[in-house]
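Engineer: starting from these lines, generate the structure:
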Amino acid sequence: MAESYMVADLAAALGATFEGDGTLRVTGLVHPSMAEPDVLVMASSPDFLSRIEPGSARAALVAQGADWRAAGLVAAIIAPRPRYAMAHATRAFAKPDALAPGIHPSAVVEPGAEIGEGVHIGPFVHIAAYASIGAGSQIHSHVSIGENAVLGQGALVHAGARIASRVKIGERAIIHQNAVIGADGFSFVTPDFGAVEAAKSGGGSESATRNLALERIYSLAAVTLGDDVEIGAGTTIDRGTLRNTRIGSGTKIDNQVQIGHNVSIGETCMLCAQVGIAGSAAIGDRVVLGGKVGVADHLKIGSDVLVAAASAVASNVRGRSIVMGVPAMPRDEAVRSIMAIRRLPRLMDTVDALKKRLSAMDSAS
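Structural biologist: Coordinates of the predicted model:
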């Protein structure tokens, strides 16, 4: 049977107020198109509220000032910032994957590993020697945790994730399916001055012939994640060469993100899907990188920066700025460039017309 909450109790848990029948019970949170009598409809805007079919729902989560009675509802939770309230509401109704207490018989825990109290370890998990698993952590099936790795208290590791040796993960971290933390960095060197080095120094294409041999530079350091970090499915974070790759507390990383060796990312950052950060880049606090953003190696991005989706960051970015484009530049400058490019066809038509007039004048003379 689905768990239900009274509207009044749920409003109190969300730090919001309610109007109407506070004793009404709801069993879930849904989009307006999925409205039913026993669920709470997420209607954060007048547009969403207008999508509720008359008689289909009885309660909704709405913004202050919304005319919820006009939508035929009998109760409403009123939130100053509905999307923020939604975060708490979804937590209340979330149904985490079931994981039995204790250690599954098929799991392998090597001698010397330390398992804290209340840890749940699923089937076919491998925990290497001298790894440390914090109290209350949940490790789902087919996870591997390397030698001397540390997992903080209350961590949640979903199925198939790979945590390499010596990786340190803080408390309450969430690692999603098939993430890889602590793989070897992508770092190679040529016996002589190579093509990439020549290109960076302004060399010609003839330098491309110099990559006749590539020698691996091994990654001797590891990865450190702070508290409350979340790593998306399929994301990969390479370990550092001589110093750890670092992710600050509170940072959230989406699916299929690649973070190179020696990268440093500050606190409370957001990295959206398919971001790629090359080795030794340094990113400040509260930075947002939109989807498919690329950051070149050894660059610095200051704190409180927003990089628009699909931008290519090829130079340092000062703090408290918004950049976009390829290469990324300040937003106003990028917009002017885009507008100028859109005007080029008209400009070319004008130039062609002027050329024809000049040609006609020359012929007449």
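
Engineer: name the spans of the stretch 101-250 of the chain whose pLDDT lies under the cut-off.
Structural biologist: Applying pLDDT under 70 to the stretch 101-250 of the chain picks out residues 203-211.

Engineer: now do the helices in it.
Structural biologist: Using DSSP state H, counting those that start in this stretch, the helices of the stretch 101-250 of the chain run over 195-200.

Engineer: repeat that for the stretch 251-365 of the chain.
Structural biologist: Ranges of helices in the stretch 251-365 of the chain, per DSSP H, counting those that start in this stretch, are 331-364.

Engineer: show me where it has its strands.
Structural biologist: Residue ranges of the strands in the stretch 251-365 of the chain, as given by DSSP state E, counting those that start in this stretch, are 252-253, 258-259, 264-265, 270-271, 276-277, 282-283, 288-289, 294-295, 300-301, 306-307, 312-313, 322-324, 329-330.

Engineer: TSV for those strands, including mean neighbour count and distance to Ala57?
Structural biologist: The C-beta positions use only the backbone N, C-alpha and C, and glycine is treated the same way. Converted to TSV, the strands of the stretch 251-365 of the chain look like this (neighbours: other C-beta atoms under 10 Å; distance: least, C-beta to C-beta, whole Å):
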stretch	mean neighbour count	distance to Ala57
strand 252-253	20	31
strand 258-259	22	43
strand 264-265	23	42
strand 270-271	22	32
strand 276-277	22	43
strand 282-283	22	43
strand 288-289	22	34
strand 294-295	24	44
strand 300-301	20	44
strand 306-307	22	36
strand 312-313	20	45
strand 322-324	20	39
strand 329-330	17	45
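
Engineer: how about those in JSON lines, adding distance to Ser363 and mean pLDDT?
Structural biologist: Conversion of the strands of the stretch 251-365 of the chain to JSON lines gives the following (distance: least, C-beta to C-beta, whole Å; pLDDT from 0 to 100):
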{"stretch": "strand 252-253", "distance to Ser363": "66", "mean pLDDT": "98"}
{"stretch": "strand 258-259", "distance to Ser363": "61", "mean pLDDT": "98"}
{"stretch": "strand 264-265", "distance to Ser363": "66", "mean pLDDT": "98"}
{"stretch": "strand 270-271", "distance to Ser363": "62", "mean pLDDT": "98"}
{"stretch": "strand 276-277", "distance to Ser363": "57", "mean pLDDT": "98"}
{"stretch": "strand 282-283", "distance to Ser363": "62", "mean pLDDT": "98"}
{"stretch": "strand 288-289", "distance to Ser363": "58", "mean pLDDT": "98"}
{"stretch": "strand 294-295", "distance to Ser363": "52", "mean pLDDT": "98"}
{"stretch": "strand 300-301", "distance to Ser363": "58", "mean pLDDT": "98"}
{"stretch": "strand 306-307", "distance to Ser363": "54", "mean pLDDT": "98"}
{"stretch": "strand 312-313", "distance to Ser363": "48", "mean pLDDT": "98"}
{"stretch": "strand 322-324", "distance to Ser363": "48", "mean pLDDT": "98"}
{"stretch": "strand 329-330", "distance to Ser363": "45", "mean pLDDT": "95"}
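
Engineer: format these as TSV; extra columns: distance to Ala360.
Structural biologist: Converted to TSV, the strands of the stretch 251-365 of the chain look like this (distance: least, C-beta to C-beta, whole Å):
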stretch	distance to Ala360
strand 252-253	63
strand 258-259	58
strand 264-265	62
strand 270-271	58
strand 276-277	54
strand 282-283	59
strand 288-289	54
strand 294-295	49
strand 300-301	55
strand 306-307	50
strand 312-313	45
strand 322-324	44
strand 329-330	41
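
Engineer: which one, of those strands, ends up nearest to Glu36?
Structural biologist: Smallest distance to Glu36 across the strands of the stretch 251-365 of the chain (C-beta to C-beta): 31.3 Å, for strand 252-253.

Engineer: what packs against the closest one?
Structural biologist: Strand 252-253 sits against strand 230-231, strand 270-271, with contacts defined as 3 or more C-beta pairs under 8 Å, 6 or more residues apart in numbering; DSSP states H and E.

Engineer: closest one to Ser249 among those?
Structural biologist: Once the helices and strands packed on strand 252-253 are compared by C-beta to C-beta, strand 230-231 is nearest, at 11.2 Å.

Engineer: just to check, Leu242 is in contact with Leu220?
Structural biologist: Yes - if you go by C-beta atoms under 8 Å, Leu242 and Leu220 touch, sitting 6.1 Å apart.

Engineer: who has more neighbours, those two?
Structural biologist: Using other C-beta atoms under 10 Å, the more surrounded residue of Leu242 and Leu220 is Leu220, with 13 against 10.

Engineer: contacts only, for the more buried one.
Structural biologist: Counting by C-beta atoms under 8 Å, 6 or more residues apart in numbering, Leu220 makes contact with 240-242.

Engineer: sounds good, over and out.
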